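Peer 1: Sequence plus the predicted model coming up.
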Amino acid sequence: MDMKVAKKKLGLKEKYRTMTRDLGWEPSYHSKEALFPYVGYEGIKIHDWDKWEDPFRLTMDAYWKYQAEKERKFYAIIDAHAQNNGHLNLTDARYLSALKIFLQAISPAEYAAHRGFARVGREFPGVGPQVACQMQAIDEIRHAQTQIHAMSNYNRYYNGFHAFADQRDRIWYTSVARSFFDDSMSAGPFEFMIAIGFSFEYVLTNLLFVPFMSGAAYNGDMATVTFGFSAQSDEARHMTLGLEVIKFILEQDPDNLPIVQAWIDKWFWRGFRVLGLVSTMMDYMLPKRVMSWREAWEIYGVENGGALFKDLARYGIKPPKDWDAAAKSIDHMSHQFMLGLYQWSFGTAFHAWIPSDDDMRWLSAKYPDSFDTYYRPRWEHIKKMAAAGTPFKNYGLAKLCQTCQLPCVFTEPDDPTLTCHRETVYKEHKYHFCSDGCQHVFENEPEKYIQAWLPMPQLFQDPVNGDLGEWMKWVSLLDGKDNGDYASSEDKQNFEAWRGLATTNQ
Amino acid sequence: MSTVFIALQANEETRPIIEAIEIDNPAAVVNRQPAMVKIDAEGSLVIRKATIEELLGRSFDLQELHINLITLTGHVEEDDDSLTLSWNS
């Protein structure tokens, strides 16, 4: 008689081999080239896909188990937030501007990342990267959905949350994040992995998510802390994948090094420009600050990025070409950016404001080498203009950088009193750039970037034809509600009235 | 030597994990911030299943770490008994 023997549980490495590597097969009636047609044209040489390692050795069964648990935790807290008037626990409603930018620009980027990873998971011939990319594709769509769901609670009470999908496609500042992801998704599979998996996830994502979620915790936004940490728990796996990708490519063939280095140079600068929006959030938009953009850069840029590139030096990898230009801009970018957002606040689906005296004291302390010299005098002047009843508004259209699509508001790396502006003439047209980094990216692939959709030229085309009111309709911006100075906004009035009701018996 | 770090959500599930990390990495620096704990260590940091189980009083699968993980740096080396973060230089 057969005895029933309890099966020994598989060890981690054995389980990974059985449930990942053994899922692959050799094609018999199609050639590998026909099955994976996009894997060769970028010039990357891979000799042995089995050398790919997933350090976490996460298999699909474990993945579903842990993701389900994350979802249960997420919805328990989101329900509690909605049931307990969680929106009234915010420090104040200025905080919501940071959330609106996140919803309009970053959540759609999560969805774009989902599409990108689903695609490259199909295009890579190796089983290891196929499974890892599939997990990340599912993670990214989960992030988009949980973020939209969490922030929908704010849409019930506040302006500027109602049309994020239209704004993702049409409003000017969201095209920065959108063009970044469109650029990566229209590249080859290896470039996509270096762009998103390595440069964005590994080198830069900590600068976005960790301060943002801590900012939410400091400012009483339980909904965002929750979606943030739920998404961030996947992020460590994405970062590890990004690091694995670069090691794998570099170990496969020495010819891969110059191609990878050029991608790191390009995507570091592209990512750094996208994150400029985060600098304004950290330095200006959080009523209760976590740390300054400079401090976050020291921890996650200088210290951590430094350790990473020191480690990768054994492969011949150098720090990104524009690393020094980035470092020089740290003391200036949030201030230059916020001055831009304030003067164009008629055209943003979130509020801007003049920093209070307290805010300015904090900025002086955090930016001793730049704030009092260059930026306080401008804010003081703007404050005087607002007090005189003639608030400073710039109805001129911003000149946009052809590569990053930000307005050219930044200064020369070595002279904060001189606006940085570069031009390239290509096929008889003149193109403008905010920096050397963006100009170099364009000049390496001009045929790609001359096709970029830019929001300012769109203003003069159908259906807008240069009419500001028509433009507002077209981007679903409600004038007088979604835009303008926070000081005179409905959001401010409502938040204060509702909080008053919640804390008194009137 | 470069610094590696791991950040975990601050909650009941991670309390014994953080204690275990402190026991196994006496030189590590624990930074407690709102809603999260970030642990820095010079060169490398190890998380041991056995130490966590001892403090938790139940068996623990190291992959449960994924639920409360926020971020980490360095090369990851994981097997059934431990997870190690390290830089090569």
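Peer 2: That came through, no problem.

Peer 1: where's the residue of the stretch 101-250 of chain A found nearest chain B, which helix or strand?
Peer 2: Of all residues in the stretch 101-250 of chain A, the one sitting closest to chain B is residue A:217 (4.0 Å; CB to the nearest CB). All C-beta atoms are positioned from the backbone trio N, CA, C, and that covers glycine. Element membership of residue A:217 [criterion: DSSP states H and E] is helix A:205-218.

Peer 1: what comes into contact with that helix?
Peer 2: A:91, A:98, A:102, A:106, A:222, A:224-225, A:228-229, A:231-232, A:235, A:238-239, A:275, A:278, A:281-282, A:286, A:288-291, A:296-297, A:300-301, A:304, B:7, B:33-36, B:70-71 (CB atoms under 8 Å, 6 or more residues apart in numbering or on different chains).

Peer 1: Which of these fall in strands?
Peer 2: Taking DSSP state E as the definition of strands, the contacts of helix A:205-218 contribute B:7, B:33, B:36, B:70, B:71.

Peer 1: For the buried ones among the contacts of helix A:205-218, write the corresponding PyMOL selection.
Peer 2: Paste this into PyMOL to select the buried members of the contacts of helix A:205-218, with burial taken from 16 or more other CB atoms under 10 Å in any protein chain shown:
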select buried, (chain A and resi 98+102+106+222+224+225+228+229+231+232+235+238+239+275+278+281+282+286+289+290+291+296+297+300+301+304) or (chain B and resi 7+35+36+70+71)
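
Peer 1: which residues of chain A fall in strands?
Peer 2: According to DSSP E, the strands that chain A contains are A:411-412, A:415-419, A:422-426, A:429-433.

Peer 1: could I get these as JSON lines with mean neighbour count and distance to chain B?
Peer 2: Compiled in JSON lines, those are given as follows (neighbours: other CB atoms under 10 Å in any protein chain shown; distance: least, CB to the nearest CB, whole Å):
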{"stretch": "strand A:411-412", "mean neighbour count": "18", "distance to chain B": "32"}
{"stretch": "strand A:415-419", "mean neighbour count": "12", "distance to chain B": "31"}
{"stretch": "strand A:422-426", "mean neighbour count": "14", "distance to chain B": "34"}
{"stretch": "strand A:429-433", "mean neighbour count": "17", "distance to chain B": "32"}
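
Peer 1: quick revisit: just how off-centre is the helix holding residue A:217 within its chain?
Peer 2: A distance of 12 Å separates the centroid of the chain from that of helix A:205-218, by CA atoms, centre = their mean, to the nearest Å.

Peer 1: Equivalent analysis for stretch B:20-34, please.
Peer 2: Distance of stretch B:20-34 from the chain centroid (CA atoms, centre = their mean) equals 8 Å.

Peer 1: mind checking pLDDT for residue A:47?
Peer 2: Per-residue pLDDT puts residue A:47 at 96.

Peer 1: That one touches residue A:254, doesn't it?
Peer 2: No. If you go by CB atoms under 8 Å, residue A:47 and residue A:254 don't touch, sitting 11.6 Å apart.

Peer 1: quick one, which of the two is more surrounded?
Peer 2: Neighbours per residue (other CB atoms under 10 Å in any protein chain shown) separate residue A:47 from residue A:254, with residue A:254 holding more: 11 against 8.

Peer 1: Which strands or helices does the longest helix anywhere in chain B pack on?
Peer 2: Longest helix in chain B by number of residues (criterion: DSSP state H): helix B:15-24. Contact here means 3 or more CB pairs under 8 Å, 6 or more residues apart in numbering or on different chains; DSSP states H and E; on that basis helix B:15-24 packs against strand B:3-9, strand B:29-33, strand B:36-42, strand B:44-48, helix B:49-56.

Peer 1: Report the angle between that helix and strand B:29-33.
Peer 2: On the basis of axes from the mean of the first three to the mean of the last three CA atoms, to 10 degrees, helix B:15-24 is oriented at 150 degrees to strand B:29-33.

Peer 1: Give the buried residues for helix B:15-24.
Peer 2: Neighbour counts using 16+ other CB under 10 Å place B:16, B:17, B:18, B:19, B:20, B:21, B:24 of helix B:15-24 among the buried residues.

Peer 1: List just the nearest of the residues you listed to chain A.
Peer 2: Ranked by distance to chain A (CB to the nearest CB), the buried residues of helix B:15-24 are led by residue B:17 at 13.5 Å.

Peer 1: picking up where we left off before, now the longest helix of chain B: average pLDDT?
Peer 2: The predicted model assigns helix B:15-24 a mean pLDDT of 97.

Peer 1: go on, stretch A:181-197?
Peer 2: 96.

Peer 1: next one: stretch A:387-402
Peer 2: Averaged over stretch A:387-402, pLDDT sits at 92.

Peer 1: Looks like residue A:382 contacts residue A:353 (just checking).
Peer 2: No. Residue A:382 lies out of contact with residue A:353 (CB under 8 Å); the separation is 10.4 Å.

Peer 1: Tell me the residues on chain B that lie near chain A, please.
Peer 2: B:2-5, B:7, B:9, B:33-36, B:63-64, B:66-80, B:87-89 (CB under 8 Å from any CB of the partner chain).

Peer 1: Low-confidence stretches in the chain?
Peer 2: Just going to use chain A. Within chain A, the segments meeting pLDDT under 70 span A:1-8, A:506.

Peer 1: wait, I meant chain B there
Peer 2: By pLDDT under 70, the low-scoring segments of chain B are B:89.

Peer 1: Which single residue of it ends up nearest chain A?
Peer 2: residue B:2 (3.4 Å).

Peer 1: So for the spatially most central residue of chain A, what's the nearest residue that isn't a sequence neighbour?
Peer 2: For chain A, the residue sitting closest to the mean C-alpha position, by CA atoms, centre = their mean, is residue A:106 at 5.3 Å. Of all residues not flanking residue A:106 in the chain, residue A:177 sits nearest, at 6.5 Å (CB to CB, 6 or more residues apart in numbering or on different chains).

Peer 1: For chain B, what's its nearest residue on chain A.
Peer 2: Nearest residue of chain A to chain B (CB to the nearest CB) works out as residue A:307 at 3.4 Å.

Peer 1: okay, now the residue of chain B closest to chain A: neighbour count?
Peer 2: Residues within reach of residue B:2, counting by other CB under 10 Å, total 19.

Peer 1: thought it was touching residue A:309?
Peer 2: No. Using CB under 8 Å, residue B:2 is not in contact with residue A:309, being 10.0 Å away.

Peer 1: What is the neighbour count of residue A:14?
Peer 2: Residue A:14: 13 neighbours (other CB under 10 Å).

Peer 1: Repeat that for residue A:358.
Peer 2: 8.

Peer 1: Next to chain B, which bits of the stretch 301-450 of chain A? Give me the list.
Peer 2: Proximity of the stretch 301-450 of chain A to chain B (CB under 8 Å from any CB) is limited to residues A:303, A:304, A:306, A:307, A:308, A:310, A:311, A:313, A:314.

Peer 1: Buried ones only from these, please, as a PyMOL command.
Peer 2: The PyMOL command for the buried members of these (criterion: 16+ other CB under 10 Å) is given here:
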select buried, chain A and resi 303+304+307+308+311
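
Peer 1: Which member of the residues of the stretch 301-450 of chain A next to chain B is positioned nearest residue A:414?
Peer 2: Nearest to residue A:414 out of those is residue A:306 (CB to CB; 22.0 Å).

Peer 1: In contact with the nearest residue to the closest one once chain neighbours are set aside, which residues are there?
Peer 2: Spatial nearest neighbour of residue A:306, excluding adjacent residues (CB to CB, 6+ apart): residue B:2 at 7.3 Å. By CB under 8 Å, 6+ apart, residue B:2 lies in contact with A:306, A:307, A:310, A:311, B:42, B:43, B:74, B:87, B:89.

Peer 1: got the contact list for the second one?
Peer 2: By CB under 8 Å, 6+ apart, the residues touching residue A:307 are B:2, B:3, B:4, B:73, B:74, B:87.
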